[in-house]
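> I need the structure of the sequence given here:
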Amino acid sequence: MYYDISEKLKATTFESCQQSRNPFVAVIKPTEWQSLQDALQMGIDMDFDFTSAKSTKAEVNLDSLTGTFKIPKREDLLNASIDFSFALDERGVVFIDQHHDVEHLIKKIQKSKKWKNPSLERFLYDFLETIIKGDSEILESYDKYLDNLEEAILDGKNQYHESELNSLRRKLTKLNLHYSQLLDLTQEFAENENNFFQEENLRFFHLFSARVTRLQSTVLTLRETIIQIREMAKSQLEMRQNKNMAVLTTVTTCCMPLTILVGWYGMNFKYMPELASPLGYPLVIIFAVTIFIAAILYSKFKKWL
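Below is the predicted model of the structure:
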């Protein structure tokens, strides 16, 4: 697929791209790259692995800029990603994609964007913006989840699941790495070492960097919130354990007089006055119950229970 960057992205042919004064966008398969590279005469003097992408990065060549994208899929951040390569110079950008992910992104731009001053820089800005579109809402949902979890822990509700929190932490780590790589790539664009971009249009890359920086700051804040929630949950658990221990200790203390009483009357003495009295047994029971109730009331008065 070939597109001409004018007021909107317009589908065209390779021959028309070569003849047009407007910059172009091409989306091709890896098998087409070699022949197209010769036709475009891009000065690529570095090893360019266009078949796979391990990270998002850009590298300056003799007379071109090459790189790769590895974008985590938002619906499955931990296990799935979109990967493709690219090469660009002042005439346009070529995306090398063995799937249809880039084409899907470009279709979104084609449907929603119309430019008063079309340029390669503006297209790259919108392309990068499409990559992070919806991330603010995702991070907002994570923040809301953590807020609800924090309230549940403070209310003493048993809604703390370590596995869910670990999964969220790994997702945030993945996003943080993704944003760091996007910032590095955008910085490479903004440096404009080969003078592919117009100076007045470099502001697009600075705008994108600022937005990604804000997203990354939100991610780091959420990671700190997870640490705080873990500490809070641990503190709440310790408080409950301490309270249980205090109750057990108080009850044990209240039962100590009864233990002494039992030990006393368990002695095998022949002459114990209460043994011969018909009221001895009920009086001892009443006395024991009175001591226990008095100890409990005193503990409540002292707020030990």
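
> can you count the residues close to D76?
Applying other Cβ atoms under 10 Å, we find 10 residues neighbouring D76. C-beta: built from backbone N, CA, C; applies to glycine.

> now the helices for the stretch 51-200 of the chain?
Here the stretch 51-200 of the chain has its helices, by DSSP state H, counting those that start in this stretch, at 101-112, 120-132, 135-154, 162-191.

> what's the third one packed up against?
It stands for helix 135-154. helix 162-191, helix 203-265 (3 or more Cβ pairs under 8 Å, 6 or more residues apart in numbering; DSSP states H and E).

> could you rerun that using 7 Å?
Contact here means 3 or more Cβ pairs under 7 Å, 6 or more residues apart in numbering; DSSP states H and E; on that basis helix 135-154 packs against helix 203-265.

> what about the helix it packs on, distance to the chain center?
22 Å (Cα atoms, centre = their mean, to the nearest Å).

> just want the angle from it to helix 135-154.
For helix 203-265 and helix 135-154, the angle between their directions (axes from the mean of the first three to the mean of the last three Cα atoms, to 10 degrees) works out to 10 degrees.

> helix 203-265 vs helix 120-132, what angle?
Taking the same axes, to 10 degrees, one finds that helix 203-265 is oriented at 20 degrees with respect to helix 120-132.

> dump the residue contacts of L183.
Contact analysis of L183 by Cβ atoms under 7 Å, 6 or more residues apart in numbering lists 209, 212-213.

> and those residues, which are buried?
Among the contacts of L183, those scoring as buried are 209, 212 (criterion: 16 or more other Cβ atoms under 10 Å).

> count the neighbours of L207 for me.
Summarising burial for L207: neighbours were counted as other Cβ under 10 Å, giving 14.

> so what's it up against?
With contacts defined as Cβ under 7 Å, 6+ apart, L207 is in contact with Y125.

> and the pLDDT at it?
At L207, the model reports a pLDDT of 94.
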